[in-house]
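sharing a model that was predicted from the sequence below.
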Amino acid sequence: MRYISTRGDIPSMDFNEAVMMGLARDGGLLLPEALPSVTSAKLNSWVNLPYQYLAVEVLSMFTGSLPRLDLEVMVEKSYGSFRHPQVTPVRKAGELYILELFHGPTLAFKDVALQLLGNLFEYELKKSGSFMNIIGATSGDTGSAAIYGVRGKEGINIFILHPDGRTSPIQALQMTTVTDANVFNIGVQGTFDDAQSIVKELFNDLDFRDTYHLGAINSINWARVLAQVVYYVYSSLKLRKAGFESVDFSVPTGNFGDIFAGYVAKQLLPEGCINRLILATNANDILTRFVNTGEYAIHGDVTHTSSPSMDIQIASNFERYLYYLRGQDGSEVKADMEEFARTGRMNLSELHDQVAADFASFSVSEEETIATIGEFFKQHQYLLDPHTAVGVRAALELKQDRPVICLATAHPAKFGDAVQKATGKEVTLPAALADLAGKESRCEIMAAESKLIREYIRQHALS
């Protein structure tokens, strides 16, 4: 298995190199040269596998020269700390199925990928005797999951940029109360898009990148997406065992990473196993507008909502889907992305039929999000966090005659204010969150200026 850039301007590489590179050196994103496929017979042989065993089967199709035994050890280490024996269990609630992705250390779906990525980084650095400075931007959950994935690990420093005051209070505490010597939190006075733009600028400065051995933990890193493919396959198999050969998924998304993992899973599995991917957005609806009109364009400013991980205008993983939409032509992708950088828009309306075949989409207002949390709890005694509520509302609006699996991306206690507003009930904090307020907190508040953040990283980086 070799990996290439969506922009086609760098040589192919193996999986290990792709993990360590993160963002491609030509500014593109890394993808497999060709996607593998699973036969119906193979899929049926996986039906009863526990999550960890299935993960090894799926991941090994992409990891190339990584020895299988080493992969097995990493997978077991990555998911051994999850609070549920099934890692990502599926629960039925009314006419929907809820895929619970919040049983990891930080109670968010990002743990599924970032526990594995942290162990992959550690594995590669031990082999090479080298070091890494991880730089990432977060709209909420990625930061804490990344920090928990690498805290205290030798040879790694991690710098996380988050929009100051725009995450939930618990999300902020999960990041800033980790005071290990290798963890550096930066509260950026701006939006997530500002933070992500700074991270991309630093990665595209190849001298700076090479000098400080920069590593990527955002979903621009292919391993993040790959780890998420597993739970689409796992939950599909759960319903296959129950007699459903075809399912839809509803995915709350802002950065296009999680739903792109669903797209990869759909290509991986036999035709029809995953039928529709419902792309659910909040008021920041650039992706819904794209799916429904063919135009990918920034409109106005980022809207602050109760689902902050989706408060994004520029979806960094969109480029990966664009690569397939453009017939895997890197030169066209490069031209599209350069046009978007200049004008803030891409008109892809001539490709709308293909987009509509791949996705359905629905945008959920803030009022609808809160109402859905309250209604779903009243009807099914099941608490949704605001992000999951966006996916549930979209599923209910667009559901057809197949079962729909809704991705529950965070524990509701992480967004207690929204849940209390919706239900009138205070959420009991799990032990992992209950004592955060009393802990020491450490965070550097900085203007959203790349030169300031570059200098801060230079002063604190491993070298």
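Arrived safely, thanks for sending.

from here on, just use CA atoms for contacts and neighbour counts.
OK.

the helices in the stretch 1-150 of the chain, which residues?
15-21, 40-45, 51-59, 68-79, 110-128, 141-150 (DSSP state H, counting those that start in this stretch).

and those: which comes nearest residue 156?
Residue 156 sits nearest to helix 141-150 of all the helices of the stretch 1-150 of the chain, at 7.3 Å, using Cα to Cα.

show the average pLDDT along the closest one.
For helix 141-150, mean pLDDT rounds to 91.

buried residues in the helix or strand containing residue 207?
With secondary structure defined by DSSP states H and E, residue 207 is part of helix 206-211. Neighbour-count burial for helix 206-211, counted by 16 or more other Cα atoms under 10 Å, picks out residue 209.

quick check, distance from it to the centre of its chain.
From the chain centre to the centre of helix 206-211 is a distance of 26 Å (Cα atoms, centre = their mean, to the nearest Å).

same thing with stretch 358-365?
18 Å.

stretch 331-350 too?
Centre to centre, stretch against its chain (Cα atoms, centre = their mean), the figure for stretch 331-350 is 23 Å.

stretch 143-158 now?
Between the centre of stretch 143-158 and the centre of its host chain there is 17 Å, according to Cα atoms, centre = their mean.

same thing with stretch 241-257?
Offset of stretch 241-257 from its chain centre (Cα atoms, centre = their mean): 15 Å.

what do you get for stretch 131-147?
With Cα atoms, centre = their mean as the basis, the mean position of stretch 131-147 lies at 12 Å from the chain mean.

buried residues in the helix or strand where residue 418 lies?
Mapping residue 418 onto the secondary structure by DSSP H and E places it in helix 416-423. For helix 416-423, the neighbour count (16+ other Cα under 10 Å) marks 416, 417, 418, 419, 420, 422, 423 as buried.

what packs against that helix?
If you count contacts as 3 or more Cα pairs under 8 Å, 6 or more residues apart in numbering; DSSP states H and E, helix 416-423 packs onto helix 366-380.

and the angle for the helix it packs on with helix 416-423?
Helix 366-380 and helix 416-423 meet at an angle of 70 degrees, taking axes from the mean of the first three to the mean of the last three Cα atoms, to 10 degrees as the criterion.

which elements pack onto the very next helix or strand once past helix 366-380?
For helix 366-380, the following helix or strand on the C-terminal side (DSSP H and E) is helix 386-398. On a contact count with 3+ Cα pairs under 8 Å, 6+ apart, helix 386-398 meets strand 247-252, strand 274-281, strand 359-363, helix 366-380, strand 404-408.

in CSV, list those along with distance to residue 213, mean neighbour count and mean pLDDT.
Written out in CSV, the entries for the helices and strands packed on helix 386-398 read as follows (distance: least, Cα to Cα, whole Å; neighbours: other Cα atoms under 10 Å; pLDDT from 0 to 100):
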stretch, distance to residue 213, mean neighbour count, mean pLDDT
strand 247-252, 33, 28, 98
strand 274-281, 35, 25, 97
strand 359-363, 37, 22, 98
helix 366-380, 41, 18, 98
strand 404-408, 34, 28, 98
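
pipe the ones you listed into a markdown table and attach distance to residue 147 per row.
Formatted as a markdown table, the helices and strands packed on helix 386-398 follow (distance: least, Cα to Cα, whole Å):
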| stretch | distance to residue 147 |
| --- | --- |
| strand 247-252 | 23 |
| strand 274-281 | 26 |
| strand 359-363 | 31 |
| helix 366-380 | 29 |
| strand 404-408 | 21 |
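
I'd like to know which of these lies nearest to residue 93.
Nearest to residue 93 among those is helix 366-380 (6.1 Å), distances taken as Cα to Cα.

show me what the closest one is packed up against.
Here helix 366-380 is seen to pack against helix 386-398, helix 416-423 when contacts are counted using 3+ Cα pairs under 8 Å, 6+ apart.

show me the contact partners of that helix.
93-94, 282-283, 305-306, 382-386, 389-390, 392-393, 418-419, 421-423 (Cα atoms under 8 Å, 6 or more residues apart in numbering).

now, of those residues, which are buried?
When these are checked for burial by 16+ other Cα under 10 Å, the buried set is 282-283, 305-306, 382-386, 389-390, 392-393, 418-419, 422-423.

show me the contacts for the residue nearest to residue 259 when sequence neighbours are not counted.
With Cα to Cα, 6 or more residues apart in numbering as the criterion, residue 259 has its nearest non-adjacent residue at 6.1 Å, and that residue is residue 251. If a contact means Cα under 8 Å, 6+ apart, then residue 251 has 258, 259, 277, 278, 279, 280, 391, 406, 407 as its contacts.

relative to residue 119, how far out is the last one?
I take that to be residue 407. For residue 407, the distance to residue 119 under the criterion Cα to Cα, to the nearest Å works out to 24 Å.

which of the helices and strands packed on helix 386-398 sits closest to residue 176?
Checked against Cα to Cα, the stretch from those lying closest is strand 404-408, at 24.4 Å.

can you check what angle separates the closest one from strand 247-252?
The directions of strand 404-408 and strand 247-252 differ by 30 degrees, with the same axes, to 10 degrees as the criterion.

what lines up beside strand 404-408 in the sheet?
In the sheet, strand 404-408 lines up against strand 96-100 (parallel), strand 247-252 (parallel) (DSSP bridges).

of all those, which one is nearest residue 166?
strand 247-252 (18.3 Å).

and the angle for that closest one with helix 386-398?
Strand 247-252 runs at 130 degrees relative to helix 386-398, counting by the same axes, to 10 degrees.
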